[in-house]
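*Asks:* need coordinates for the following:
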Amino acid sequence: MSRSSGSKAFDDLRDALLRQPALRAELEAALDLNVRRVNPTDRANRFGSGAAVEWILASVAFAAGVLSIPAGHNANGFDLRDLREDARGLWSVKNTTKRSDFRLTNGIGGPGAGFTEPVVFLSPVLPGVVFCDPKTHEDVRREVQVKSDATVLPFRVVEAHAKQHPECVAACSMPTNPGTGQDDPWMDYVESLLSRERFPQLSRLFNAAKPVQGSLTSELQALIAQRDSGAINAEQFDLLVRRLGA
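*Replies:* Numbers count the residues shown, from 1 in each chain. Got it, this is the predicted structure:
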């Protein structure tokens with residue numbers, strides 16, 4: 001049996017996860033933490049959760065030496081966006097937390113570009129991270145379904161591919177979705193956008209929602225400073241003071 005998936009980069013990643021149990025453990029822990037914090041069942045959150053999986057795999061590829069930076073692996077100060085684009089040049093990432101078909105591309109009023117580039121698939125039902133290249137694995141490419149609004153690859157096809165080509169599987173246990181994630185990546189983004197310095201009125205919502213911390217004196221001083229700066233109004237100030245029990 002050939003030990004090559006057809007991609008040297010994926011082979012190196014697969015072998016690194018086998019040789020380095022600690023690296024595999026970190027990958028699995030990161031994937032688990034992501035799905036526990038952000039529930040991808042919510043369609044709006046799905047994009048944020050999926051982007052996090054892309055970054056996690058890029059981080060693993062970097063740690064495994066699959067991705068490197070021009071100035072050398074120990075250089076600091078490089079642009080992370082460049083590294084992410086390098087990762088996307090190796091493969092695209094498709095993940096699902098349940099047994100469901102994979103949407104490869106979407107289009108505006110059409111199916112999108114289709115199955116044109118290598119993909120790594122993740123799912124709790126798969127035996128690991130599964131690699132597939134449409135140029136190398138033509139039998140998989142022939143199973144692609146072109147629909148009115150997307151290009152879809154049935155789950156059963158990816159599952160069969162993984163069984164038939166163990167060289168295309170990197171050991172990893174993908175977590176199931178417990179459905180308990182409460183984090184909202186979009187809310188966090190908007191909060192960072194509406195900084196108190198630039199948007200003193202709009203930021204009031206987020207400032208008023210934060211629990212006060214520290215000693216009673218320091219908490220009162222902080223509230224007074226927020227009121228005097230206009231970050232919170234008098235009504236919000238009184239409410240927060242009552243919460244302190246002062």
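*Asks:* just checking, what packs against the longest helix that the chain contains?
*Replies:* Longest helix in the chain, counting residues (DSSP state H): helix 43-63. Helices and strands touching helix 43-63, by 3 or more Cβ pairs under 8 Å, 6 or more residues apart in numbering; DSSP states H and E, are helix 8-19, helix 21-37, helix 80-90, strand 92-95, helix 185-193. All C-beta spots, glycine's among them, are computed from the backbone N, C-alpha and C.
*Asks:* recalculate using a threshold of 10 Å.
*Replies:* With contacts defined as 3 or more Cβ pairs under 10 Å, 6 or more residues apart in numbering; DSSP states H and E, helix 43-63 has these neighbours: helix 8-19, helix 21-37, helix 80-90, strand 92-95, strand 119-122, helix 185-193.
*Asks:* can you tell me the centre-most residue of this structure?
*Replies:* Nearest residue to the geometric centre of the chain (Cα atoms, centre = their mean): residue 52, 1.4 Å.
*Asks:* give me the distance between it and residue 204.
*Replies:* 29 Å (Cβ to Cβ, to the nearest Å).
*Asks:* residue 176 now?
*Replies:* 39 Å.
*Asks:* low-confidence ranges in this structure?
*Replies:* 1-2, 70-78, 108-111, 211-215, 245-246 (pLDDT under 70).
*Asks:* again, 80 this time
*Replies:* Of all residues in the chain, those with pLDDT under 80 make up the ranges 1-2, 42-45, 69-81, 84, 106-114, 180, 207-219, 242-246.
*Asks:* ok, which of the helices and strands packed on helix 43-63 comes nearest residue 168?
*Replies:* Across these, residue 168 has its closest neighbour in helix 8-19 (7.4 Å, Cβ to Cβ).
*Asks:* so the closest one versus helix 21-37, what angle?
*Replies:* When axes from the mean of the first three to the mean of the last three Cα atoms, to 10 degrees is applied, the directions of helix 8-19 and helix 21-37 differ by 100 degrees.
*Asks:* mind listing what's buried in helix 8-19?
*Replies:* For helix 8-19, a neighbour-count test (16 or more other Cβ atoms under 10 Å) marks 9, 10, 11, 12, 13, 14, 16, 17 as buried.
*Asks:* before we move on, back to that, higher neighbour count, residue 176 and residue 204?
*Replies:* residue 204 (18 against 12; other Cβ atoms under 10 Å).
*Asks:* next, the contact list for the closest residue to residue 84 other than its chain neighbours, please.
*Replies:* Excluding the flanking residues, the one nearest residue 84 by Cβ to Cβ, 6 or more residues apart in numbering is residue 58, at 5.6 Å. By Cβ atoms under 10 Å, 6 or more residues apart in numbering, the contact list for residue 58 reads 66, 67, 80, 83, 84, 85, 86, 87, 88, 90, 93.
*Asks:* give me that answer again for 7 Å
*Replies:* By Cβ atoms under 7 Å, 6 or more residues apart in numbering, the contact set of residue 58 is 67, 83, 84, 87.
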